[in-house]
Structure formats: structure tokens, C-alpha cells
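Engineer: Give me a 3D structure for the following:
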Amino acid sequence: MNNLTEMILPPEGEVWQLQRKNAQASTEWSDLLFNDAEAEADSTAPEPVVKDDQGYKRRNPKSKQEERLKDLSVKEILCEIHEDDQNCLRCNTLLRPIGKETVREELEYIPAKLQIIRYVRMAYECTQCKHTDTPYIEKALTPSPLMAHSLASSSTVAHVMYQKYANAMPLYRQEKDWEQLGFALSRATMANWIIRCSQDYLDPIIVHLREKLRQREILHCDETPVQVLKEEGKKPQSKSTMWLYRTGNDEKPPIILYDYQKSKSGENALNCLKGFNGFLHSDGYAGYNRLKDVTRCGCWAHLRRKFVEAAPTDKWPENRPPTPAEVGRDYCNRLFKIEETLSALSPDERYLKRLELEKQVLEAFWCWIDTLKVLQGSAFGKAVIYARNQRRYMENYILDGRCLLSNNLAENSIRPFTVGRKNWLF
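Structural biologist: This is a model prediction of the structure:
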């Protein structure tokens with residue numbers, strides 16, 4: 001066991017440096033909340049490349065700046081000498097143009113504007129039948145409205161949805177933006193637009209995507225609480241749950257679905273994934289145990305986080321031996337470092353390399369876990385108990401090269417909702 005530990009763990013100096021970096025990162029986070037402009041500023045950020053060429057300044061045509069601008073429309077502003085001043089200062093001869101040069105380029109922001117789209121249809125009559133008892137009149141066809149008896153267009157509803165769910169902008173803030181554009185659009189009207197268009201146009205897509213989701217072989221899932229007011233049959237203080245289901249690293253187009261439910265019961269996941277029998281990545285929530293026909297894959301990022309929380313944050317001597325929590329964290333770090341080297345491989349190659357490189361790390365880690373005696377109430381004790389309880393799921397990722405070491409795909413996908421939750425306030 002000692003030989004395995006020495007082989008797997010980094011030197012003590014590196015352990016201490018990693019701990020110091022983690023501590024510094026946690027203390028610096030609060031400083032970055034309000035000075036993000038200063039923090040993100042970089043004097044070395046690329047601008048159009050300029051180089052000397054026989055006394056002339058010429059830009060590199062392959063610069064990154066031009067690559068970013070190549071698809072944008074260009075409006076040229078021609079700077080000319082006033083016609084009253086187009087005479088030679090020496091002999092007063094009229095000057096003639098001999099060429100022009102580009103001095104600089106600027107990126108202009110054009111604010112949004114509103115306009116009314118008025119559909120006017122033509123009516124046609126038969127000149128022969130108009131003199132009979134049955135005149136013939138035909139009117140041109142017009143596009144169907146997005147919603148009957150409403151000013152809403154597809155672009156306005158899409159913008160409202162995008163602002164709320166992608167940019168986390170509540171409807172009351174959007175209401176102010178519409179006022180600045182010169183149109184009074186209430187949040188109640190926007191809410192009606194969202195609900196009606198979701199039911200009419202998005203629900204059938206959701207049903208179709210859920211069926212496609214169940215047919216995949218690798219899935220990730222996660223859940224997060226959300227408080228909803230004025231919900232029938234529930235107290236305002238009670239918590240509901242937003243569930244997230246998404247496809248994994250199977251080299252196919254991703255499917256990401258949100259599913260709101262009034263509870264955190266594992267019955268919700270069972271109903272949504274009914275018929276799925278592949279690999280399911282999740283955290284340690286016991287509700288997923290209801291899924292009997294799946295192979296659950298535990299999340300090493302969750303386990304690593306528990307060891308990090310149990311590691312000391314105070315400054316200790318640089319040459320001190322690592323604490324048990326740091327030993328557990330470094331086992332997890334070693335697995336993630338190996339995974340980084342395998343990211344470019346095919347699933348079959350990754351499967352074989354994991355057996356070669358990671359299997360020994362896993363064996364050493366579980367041998368170390370088995371030797372520990374911990375206090376159940378301590379942070380380190382909780383990390384060890386979590387590892388023991390999840391042990392049967394933590395190694396399943398090596399069964400298929402398409403599986404991942406963590407459930408970060410699901411966590412990254414649900415993060416936009418958690419950001420919006422802070423802004424929506426119920």
C-alpha cells in the first residue's frame with residue numbers, strides 16, 4: 001500500500017502548492033465580483049497585426065481580428081477635402097484624386113428598433129363574371145399568425161424567451177427595455193406569449209426529443225431546487241425541483257432537456273427515463289436508485305469537492321506531510337490529469353488506456369479508503385463515507401470509453417438555470 005501511495009501521489013511540495021492555489025482561488029473570488037473589467041483586461045490581447053514592409057505599415061491579412069470581422073457588413077465613410085480647399089497651395093491648380101487608403105476600422109453597435117409588419121392582401125375579380133348574377137372574387141393567401149388576435153411575431157416572442165432563459169433577464173426588466181424602445185409591453189403580456197407559444201410550438205418538440213433521449217446509450221442528469229410562489233396545493237415556502245437530462249459524449253448531436261416537477265422524488269426521474277437502459281451519470285442522490293435497468297456512473301468531481309472542503313485552508317509549513325483529506329483530493333486529481341491526456345482518443349482507445357493507467361490508481365485509492373477510521377460528523381469523515389457509499393458506482397465509467405469521469409456535463413448545462421433563479425426570485 002505504501003508503494004502504491006508513493007507511486008500515485010505527487011511530491012509533498014507539489015501537494016502544498018496545490019493547496020495554496022486552491023486557498024488563494026477561494027479568497028480571490030469575492031474580489032472579482034465587481035472588478036471584472038480590471039480583472040479581464042489584458043494588454044497583450046491581440047489587435048490587428050501591423051508590420052513594417054519597406055517603410056510602409058501593413059496589416060497581416062491572416063490576423064485573428066480580420067477573421068472575426070470577415071462575415072460582418074462594411075460601411076465605408078469617405079473622408080474628402082472640401083471642394084473649396086481642393087487647390088494646390090503653391091500654384092492654385094485644382095487637385096485631382098489619385099487614390100484612397102484605409103486609415104482605421106471601428107466596430108459599430110446598432111441598437112434594436114421596432115417596426116410594424118402590416119399584411120395587406122389583394123383582392124381580384126373576374127371582369128367577365130362581374131356582370132353576371134354570380135361575380136367571382138378571389139383574395140390572396142396570407143401567412144398564419146403566431147397567435148390569433150395578437151401583435152406578437154415569432155421574432156418578438158423568441159427575443160423575450162431568449163432574454164429570460166438564456167440571458168437570465170426577468171420579465172420586469174425586459175418591460176423597461178421595451179419602454180426604452182418606445183413600446184409599452186407589460187410583463188403579463190410577455191408571460192402569456194411565453195406560455196401559449198410553449199404549449200403550441202415547443203411541447204411537441206419536447207415530446208419528440210424525450211423519445212430520442214431515451215434511445216441514447218449515455219446520459220447525464222442533475223437536479224436543483226427552486227422556489228415557486230402561488231402554486232396550487234403548495235405552500236410558498238416549499239421547494240420544487242428542476243431536473244435536467246442530457247446526452248453524453250456519444251459523438252451525436254446533444255439533447256438537453258429541463259423538466260420541472262413539484263418534488264425531488266426519484267419517481268420523477270423514473271417516469272422521465274422510462275425505457276432507458278444505458279449508462280447514467282449522476283451525483284450521489286439516492287432517488288436515482290429507483291432506476292433499476294441502468295448502469296449508474298458516479299461523479300468523481302463531487303467526491304473530489306468533499307475532500308477539498310475537508311482539507312485545511314490555513315497556512316502550514318511548506319515541507320509538512322499531506323493531510324488525509326489532501327491525500328484523497330490528490331488521488332482524484334491524478335485521475336483527472338490522466339483523463340486530460342486521453343481526451344483526444346477514440347472511445348475504444350480511451351477504454352484500453354483507462355484499464356492501463358487508471359485501474360491502478362483506483363485500486364490504490366480504495367485500498368487507502370479501507371484503511372481509514374474516521375469521525376462520522378467531521379468533514380473528512382463525510383467525504384470518506386460518501387466514497388464508501390458510492391463505491392459501486394464510481395468505477396463504472398471505465399466500462400465504456402464514452403463515459404466520463406464526472407457529471408460536469410450536466411452541471412454545466414443546469415448552471416444557466418441556477419443563474420437565472422437568482423434573478424427571477426421565485
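Engineer: what are the ranges of the strands in the stretch 1-150 of the chain?
Structural biologist: In the stretch 1-150 of the chain, the segments counted as strands under DSSP state E, counting those that start in this stretch are 50-53, 56-59, 123-125, 137-139.
Engineer: buried set for the helix or strand just after the last one?
Structural biologist: Which is strand 137-139. From strand 137-139 onward toward the C-terminus, using DSSP states H and E, the following helix or strand is helix 154-161. Neighbour-count burial for helix 154-161, counted by 16 or more other C-beta atoms under 10 Å, picks out 156, 157, 159, 160, 161. Heads up, the C-betas are built off the backbone N, CA and C, glycines and all.
Engineer: got a list of what the fourth one touches?
Structural biologist: Residues counted as contacts of residue 160 (C-beta atoms under 8 Å, 6 or more residues apart in numbering) are 171, 174, 190, 193, 194.
Engineer: ok, now with 6 Å
Structural biologist: By C-beta atoms under 6 Å, 6 or more residues apart in numbering, residue 160 lies in contact with residue 190.
Engineer: From residue 179, how far off is it?
Structural biologist: 14 Å (C-beta to C-beta, to the nearest Å).
Engineer: Then residue 361?
Structural biologist: As judged by C-beta to C-beta, residue 361 and residue 179 stand 59 Å apart.
Engineer: The two - which one has more neighbours?
Structural biologist: residue 361 (19 against 11; other C-beta atoms under 10 Å).
Engineer: Please confirm that that one is located within a strand.
Structural biologist: No: read with DSSP: H, G, I helix; E, B strand; the rest coil, residue 361 is helix and lies in no strand.
Engineer: And the contacts of stretch 93-107?
Structural biologist: 86, 87.
Engineer: CA atoms only: put it into CSV for me.
Structural biologist: Extracted as CSV, the C-alpha positions of stretch 93-107 are listed here (Å, rounded to 0.1, in the frame of the first residue of the first chain):
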residue,chain,number,x,y,z
THR,A,93,-4.1,74.3,-59.6
LEU,A,94,-7.2,72.2,-58.9
LEU,A,95,-6.2,68.9,-57.2
ARG,A,96,-7.4,65.6,-58.7
PRO,A,97,-7.9,62.4,-56.7
ILE,A,98,-5.1,59.7,-57.1
GLY,A,99,-6.3,57.1,-54.6
LYS,A,100,-7.5,56.3,-51.2
GLU,A,101,-6.3,54.4,-48.2
THR,A,102,-7.9,52.7,-45.2
VAL,A,103,-6.9,54.5,-42.0
ARG,A,104,-8.7,52.5,-39.4
GLU,A,105,-11.8,50.3,-38.7
GLU,A,106,-14.3,50.5,-35.9
LEU,A,107,-16.9,48.1,-34.7
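Engineer: mean confidence for it?
Structural biologist: Mean pLDDT, stretch 93-107: 91.
Engineer: Please apply the same query to stretch 114-127.
Structural biologist: For stretch 114-127, the mean confidence score works out to 94.
Engineer: Over to stretch 400-418?
Structural biologist: Stretch 400-418 comes out at a mean pLDDT of 94.
Engineer: tell me which residues in it are buried?
Structural biologist: 400-411, 413-414, 417.
Engineer: Same check on stretch 351-366?
Structural biologist: Going by 16+ other C-beta under 10 Å, stretch 351-366 has these buried residues: 351, 353, 354, 358, 361, 362, 364, 365, 366.
Engineer: can you tell me the helix or strand for the last one?
Structural biologist: Element membership of residue 366 [criterion: DSSP H and E] is helix 359-370.
Engineer: care to break this protein down by domain?
Structural biologist: Using automatic domain parsing, the domain ranges for the chain come out as 160-206, 217-298+407-426, 300-406.
Engineer: Can I get the ones you listed in a markdown table including distance to residue 71?
Structural biologist: Below are those laid out as a markdown table (distance: least, C-beta to C-beta, whole Å):
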| stretch | distance to residue 71 |
| --- | --- |
| domain 160-206 | 21 |
| domain 217-298+407-426 | 24 |
| domain 300-406 | 29 |
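Engineer: for stretch 392-411, how far is the first residue from the last?
Structural biologist: Stretch 392-411 has an end-to-end distance of 22 Å (C-alpha to C-alpha, to the nearest Å).
Engineer: so how far is that stretch off the chain centroid?
Structural biologist: Averaging C-alpha positions (C-alpha atoms, centre = their mean, to the nearest Å) puts stretch 392-411 20 Å from its chain's average.
Engineer: And residue 19, what's its pLDDT?
Structural biologist: Note for residue 19: predicted pLDDT of 44.
Engineer: ok, now residue 230?
Structural biologist: 81.
Engineer: any idea how far it is from residue 236?
Structural biologist: 7 Å.
Engineer: same question, residue 295
Structural biologist: Counting by C-beta to C-beta, the gap from residue 295 to residue 236 is 40 Å.
Engineer: likewise residue 360?
Structural biologist: Counting by C-beta to C-beta - residue 360 and residue 236 are separated by 53 Å.
Engineer: what does residue 113 give?
Structural biologist: Counting by C-beta to C-beta, the gap from residue 113 to residue 236 is 40 Å.
Engineer: and what of residue 268?
Structural biologist: 21 Å.
Engineer: Now do the contacts for residue 296.
Structural biologist: By C-beta under 6 Å, 6+ apart, the residues touching residue 296 are 280, 393.
Engineer: if we can go back for a sec, could I get the buried residues of helix 154-161 as JSON lines with pLDDT?
Structural biologist: JSON lines is the format used below for the buried residues of helix 154-161 (pLDDT from 0 to 100):
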{"residue": "156", "pLDDT": "96"}
{"residue": "157", "pLDDT": "97"}
{"residue": "159", "pLDDT": "96"}
{"residue": "160", "pLDDT": "96"}
{"residue": "161", "pLDDT": "95"}
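Engineer: rewinding a little: following the chain onward from the helix holding residue 366, which element is next?
Structural biologist: helix 379-389.
Engineer: quick one: that following helix to helix 359-370, angle?
Structural biologist: Inter-element angle recorded for helix 379-389 and helix 359-370: 120 degrees (by axes from the mean of the first three to the mean of the last three C-alpha atoms, to 10 degrees).
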